[in-house]
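1. any chance you could fold what I've pasted below:
(chains A and B)
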Amino acid sequence: MARSSIAVAFAGSGGSGAMTAGAVFLRAAANAGYYGMMTELFGAQVRGGESAALVQVSTAPIQAQPERYDLFVALDWEKVEQFAAEIPLDETSLIIADPKAGAVPAGIAKSKGRVVALPMGDASASRLESALHARRVNMFATGAVSALIGLPATEVQAAIETIFADRGDAMTSANIKNAMAGIAAGPSLSLDVRLEPPVPANRWLISGNQAVALGALRGGVRFVGCYPITPATDLVEWLAPHLRDLGGRLVLAEDELASINMTLGASFGGTPAMTVTAGPGFSLMVEALGLAVAAEVPVVLVDVMRAGPSTGIASKTEQSDINLALYGAHGDAPRIVLAPMSVADCINTTEYAVYVAEERQSPVIVLSDQALGQATTVIDPVEARPTPLKRRTDGIPPGKPFKRYAIGADAITPMPPPGTPGHEWVAEGLTHNEAGLPASGAGAHVAQIKKRARKIASFDPGKLWGESWGEGDVAVLAVGSTIGPAREAAQRLAAMGREVRVIGLRVLSPLPLKSIAEAIAGASRIVVIEQNSGAQLYHHLIGQKAIPATAESVARSGPLPFLASEIASYVV
Amino acid sequence: MSEPVIETNRPDPHCVFSAKDFSSGAKPVWCPGCGDYGVLAALERGLVKLGRAPHEVVLVSGIGCSSRLPGYMSTYGFHGVHGRALAVATGLKLTRPDLEVVTVGGDGDGYSIGGNHFMHACRRNVDMLYVVMDNRVYGMTKGQPSPTTEPDWDSDIAPGGIGLRPFNPLAIAIASGANFVARGFSGDPNGLSDLIVEGIRWPGFAFIEVLSPCVTFRPEQRDWKGRVRPSTQSIEQDRATATARALGDDGFSLGVLFRGDRALNPGHADPTRTVAEIEQEFLLGARPAV
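-> Numbering: from 1, shown residues only, chains lettered A, B, ... in the order given. Reported below is the predicted structural model:
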């Protein structure tokens, strides 16, 4: 019987081409009209470590990583065992491997999944020969799996042509040839893994990191200062040529201290600007984050969270920078913190972040995470937000000196860019008076602290505060990449007759207290789910009295993603 | 590259501004006799000679006595955090090449906490000027040895001297890729203003190390006015020779030491695509643009 979704893991040692196999398979399925999502698992090594592409393909949109994998395709068996905990298999899983690659390692075999022998590549070549000549079997495997689930060969070929577009005709045709051999061999396995027919439509294939980048471009960001850091590097690598094409500029700085300060310099000049990093870089940036607060310079800071503290696990996910985003900086330094609620929402949330930073003249932190950022996903196209908010540059009262930091009815004061005659001002990180000159008296300090606090406290996101799904007397509150599994848990529980509501928070600071109160109204139980062991979000919500003291906390560290079953079993 | 025409000492005939127009009127926090007054005067005069209007100029600084300077001028300014001024200036100049961006600061700010940014600003060669007021001491924190302090200078924090060889800013700048390197003296604001004009006009990253005495914590630096002298050597164009000269110098010869011919860091290009066109890359079935 055809199924509505399938989860496939392509695994092998570094250089085996597992990621390319996954990418081609995902794109072929997406071209055919299926939804899909791919995440990448890496060992620590730059080259030669183990790697796995985890691909889920479905007739419906995908919200969470799979609970288990239907197919485990081994391109080789070296070190792959190390992934056993992260690629759950069971006795109904199919383990596809070339017998020439050797015996199935114990860590994989213990799942009791059925091992299916599939000779891949040139049957006459010895294992040593294949290794010597780097004859990869990845495209063969992709072709075989694609045929098994019922993808047309034309879509596999089109996906290869797209992915290898800049690699030359020779490589493209060699890969197509291997894939076609796989497509011919696949059906001989007689496995019952066909997918139901898809419902094709115009869709996008995009990763969370690309989605953040696109949102930034839509928002008007034309300068990015950055420093390479996993898992945010692919975001800025995608941005670099596209910013250039738009007449903007990306600068690879000497460190994150420079990244954010360059970004502030560009923003001061009137260009909407953004910096992109992960936890360790964010730690370095908090110095200038405080400066952006004090000097009231707009800036968007994207943190693609990874497992910490310190260097942690660079390539794997965790939601453990919430405290840093909310509180990082010395002194009273209020700021706005947003978190995208899905891969698709990375676009709108980041676009919105640019508008808010410009309009509030404030740092806005976008808390993404590796699980969103590096999930390549099929989504329905996302429209741009309709009404951009702009930086206030006019409405300057006559008279000298120009009071850039005037204390008045409006906490947001005009910020003319340099080059504007007659309104020269100094962006000042010292406590300053209304004219921006250093002042160490209590009066100026208290007045400016209050001005900036008011500016943030009066930020009203309206309907963009977050979203609530379903009714039910149990409310599950989540952020970022845990929202998807929470929603899937709610759907499964609903199918069993148990209504659960899920509340996704987009605005983490300042907390949208009224909207949260409305969303949790009538709930008998409130459960806060987050992927860090310190319950950072929970304590924030409790501290701000956004939720009652009776609320429950489900907080555990990464890097393993929250599974829908894990959330469902807690809620029941 | 053909040599730009450098005309100094003469105000731009179209210029309608005077030094007073560049002063904010705020009273500096500096001690009476501080060398930084001379640098402030030199900057005001230099900008008059250049003929730029105050609103077209941005002074960027970090933290320290000399970094207070932007508040004393009537131009736009950015008084940021300790050591990061060059990074701010880089982002600003790359996005607003129409502005005259001048970074100012001290030896602690520029050579210690900001040392990495100094090196990379030289390497990046963005078309802007960096003026360091070097008094070989942390003044604002009341007298600690900086990277340019003599090894035997006695202080509370390093009794008997820090015992470290001083950093050579000119040699570092030249070796790191700065395109214009000079030394000035705060006691000669006119000569310094000429160097400032020349540095701004020379393409690429220009660096001027200014001997600017701290009369409070280094009163012996009052003797500098007797030690400085104009350099007798011609302007060097070879980076290796210039670096060697900077390393062999006693630190008191004034003037332009080095002018290079490095290509400028490219600024903005005109847009060739729209965001709507870029989005099409995500549309399934579409081939990525090559």
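2. C-alpha from now on. contacts and neighbour counts both.
-> OK.
3. count of neighbours near the residue of the stretch 151-290 of chain B found nearest chain A?
-> Nearest residue of the stretch 151-290 of chain B to chain A (CA to the nearest CA) works out as B:Pro271 at 4.1 Å. Using other CA atoms under 10 Å in any protein chain shown, B:Pro271 has 13 other residues around it.
4. how about the contacts made by it?
-> By CA atoms under 8 Å, 6 or more residues apart in numbering or on different chains, B:Pro271 lies in contact with A:244-248.
5. what comes up buried for whichever strand or helix holds A:Met180?
-> In the assignment (DSSP states H and E), A:Met180 maps to helix A:169-185. Going by neighbour count (16 or more other CA atoms under 10 Å in any protein chain shown), the buried part of helix A:169-185 is A:172, A:175-185.
6. now the contacts of B:Pro271: which count as buried?
-> With neighbours counted by 16+ other CA under 10 Å, the contacts of B:Pro271 contain buried members at A:244-248.
7. dump the residues you listed to TSV, plus secondary structure.
-> Converted to TSV, the buried ones among the contacts of B:Pro271 look like this (DSSP: H, G, I helix; E, B strand; the rest coil):
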residue	secondary structure
A:Arg244	helix
A:Asp245	helix
A:Leu246	coil
A:Gly247	coil
A:Gly248	coil
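8. can you list those in JSON lines and add pLDDT and distance to A:Gly312?
-> Output for the buried ones among the contacts of B:Pro271, formatted as JSON lines (pLDDT from 0 to 100; distance: CA to CA, whole Å):
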{"residue": "A:Arg244", "pLDDT": "96", "distance to A:Gly312": "33"}
{"residue": "A:Asp245", "pLDDT": "97", "distance to A:Gly312": "35"}
{"residue": "A:Leu246", "pLDDT": "97", "distance to A:Gly312": "36"}
{"residue": "A:Gly247", "pLDDT": "96", "distance to A:Gly312": "37"}
{"residue": "A:Gly248", "pLDDT": "97", "distance to A:Gly312": "33"}
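9. near chain B, which of those show up?
-> By CA under 8 Å from any CA of the partner chain, the members of those lying near chain B are A:244-248.
10. and these, which two are the farthest apart?
-> A:Asp245 and A:Gly248 (7.2 Å; CA to CA).
11. which residues are common contacts for those two?
-> Counting by CA under 8 Å, 6+ apart, the contacts common to A:Asp245 and A:Gly248 are B:269, B:271.
12. let me know the closest of the buried residues of helix A:169-185 to chain B.
-> Closest to chain B, out of all of the buried residues of helix A:169-185 and judged by CA to the nearest CA, is A:Thr172, at 13.7 Å.
13. how about residue 221, what does it touch?
-> Reading this off chain A. A:271-274, A:354.
14. I was after chain B.
-> Residues near B:Gln221 by CA under 8 Å, 6+ apart: B:213-215.
15. name the SS class of it, please.
-> helix.
16. quick revisit: helices and strands around the helix holding A:Met180, which ones?
-> Applying 3 or more CA pairs under 8 Å, 6 or more residues apart in numbering or on different chains; DSSP states H and E, one finds that helix A:169-185 contacts helix A:138-149, helix A:153-163.
17. try it again with 6 Å
-> Helices and strands touching helix A:169-185, by 3 or more CA pairs under 6 Å, 6 or more residues apart in numbering or on different chains; DSSP states H and E, are helix A:138-149.
18. now the helix it packs on, how far from the centre of its chain.
-> Relative to the chain's own centre, helix A:138-149 is displaced by 28 Å; criterion: CA atoms, centre = their mean, to the nearest Å.
19. got the angle for that helix vs helix A:153-163?
-> Using axes from the mean of the first three to the mean of the last three CA atoms, to 10 degrees, the direction of helix A:138-149 lies 140 degrees away from that of helix A:153-163.
20. and A:Gly328, how close does it get to B:Leu86?
-> In this view, A:Gly328 and B:Leu86 are 24 Å apart by CA to CA, to the nearest Å.
21. so between the two, which is more surrounded?
-> Looking at A:Gly328 and B:Leu86 with other CA under 10 Å, you find the greater number of neighbours at B:Leu86, namely 30 against 20.
22. would you say that one is within a strand?
-> No. Applying three-state DSSP, one finds B:Leu86 to be helix, outside a strand.
23. where does it land on pLDDT?
-> At B:Leu86, the predicted lDDT confidence score is 98.
24. not counting sequence-adjacent ones, nearest residue to the one residue in the stretch 301-450 of chain A that gets nearest to chain B?
-> The minimum distance from the stretch 301-450 of chain A to chain B, using CA to the nearest CA, falls at A:Val426 (4.1 Å). Leaving aside its chain neighbours, A:Val426 sits nearest to B:Gly77 (4.1 Å; criterion: CA to CA, 6 or more residues apart in numbering or on different chains).
25. residue 97: neighbour count?
-> Looking at chain A here, since you left the chain open. 23.
26. other chain: chain B
-> B:Pro97 - counted by other CA under 10 Å - has 14 other residues nearby.
27. so of the contacts of A:Val221, which ones are in helices?
-> Assignment to helices by DSSP state H places the following of the contacts of A:Val221 there: A:Val354.
28. and the contacts of A:Val221, which of them are in strands?
-> Using DSSP state E, the subset of these located in strands is A:273-274.
29. could I have the buried ones of the contacts of A:Val221 as PyMOL selection syntax?
-> Of these, the buried ones can be selected in PyMOL as follows, counting by 16+ other CA under 10 Å:
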select buried, chain A and resi 271+272+273+274+354
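30. ok, which pair from the contacts of A:Val221 is furthest apart?
-> The distance between the two most remote of the contacts of A:Val221 (CA to CA) is 11.0 Å, for A:Thr271 and A:Val354.
31. against B:Val126, how distant is B:Leu264?
-> Distance from B:Leu264 to B:Val126, by CA to CA: 7 Å.
32. what about these two, which has more around it?
-> Between B:Leu264 and B:Val126, B:Val126 has the larger neighbour count (other CA under 10 Å), namely 25 against 14.
33. how far away is the more buried one from B:Ala89?
-> 9 Å.
34. same check, this time on A:Gly422
-> A:Gly422 is 22 Å from B:Ala89, by CA to CA.
35. same deal with A:Leu264?
-> In terms of CA to CA, A:Leu264 sits 9 Å off from B:Ala89.
36. who's more crowded, the two?
-> A:Leu264 (38 against 32).
37. export the host helix or strand of the more buried one to PDB, keeping only CA atoms.
-> Using DSSP H and E, A:Leu264 sits in helix A:256-268. In PDB, the C-alpha atoms belonging to helix A:256-268 read as follows (Å, rounded to 0.1, in the frame of the first residue of the first chain):
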ATOM      1  CA  GLU A 256      33.000  39.200  15.500                       C
ATOM      2  CA  LEU A 257      33.900  42.400  17.400                       C
ATOM      3  CA  ALA A 258      34.700  44.000  14.000                       C
ATOM      4  CA  SER A 259      31.700  42.400  12.300                       C
ATOM      5  CA  ILE A 260      29.100  44.100  14.500                       C
ATOM      6  CA  ASN A 261      31.000  47.300  14.700                       C
ATOM      7  CA  MET A 262      31.300  47.500  10.900                       C
ATOM      8  CA  THR A 263      27.600  46.800  10.800                       C
ATOM      9  CA  LEU A 264      26.900  49.600  13.300                       C
ATOM     10  CA  GLY A 265      29.000  52.000  11.100                       C
ATOM     11  CA  ALA A 266      27.000  51.100   8.000                       C
ATOM     12  CA  SER A 267      23.800  51.500   9.900                       C
ATOM     13  CA  PHE A 268      24.900  54.900  11.300                       C
END
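38. I am finished for the moment; much appreciated.
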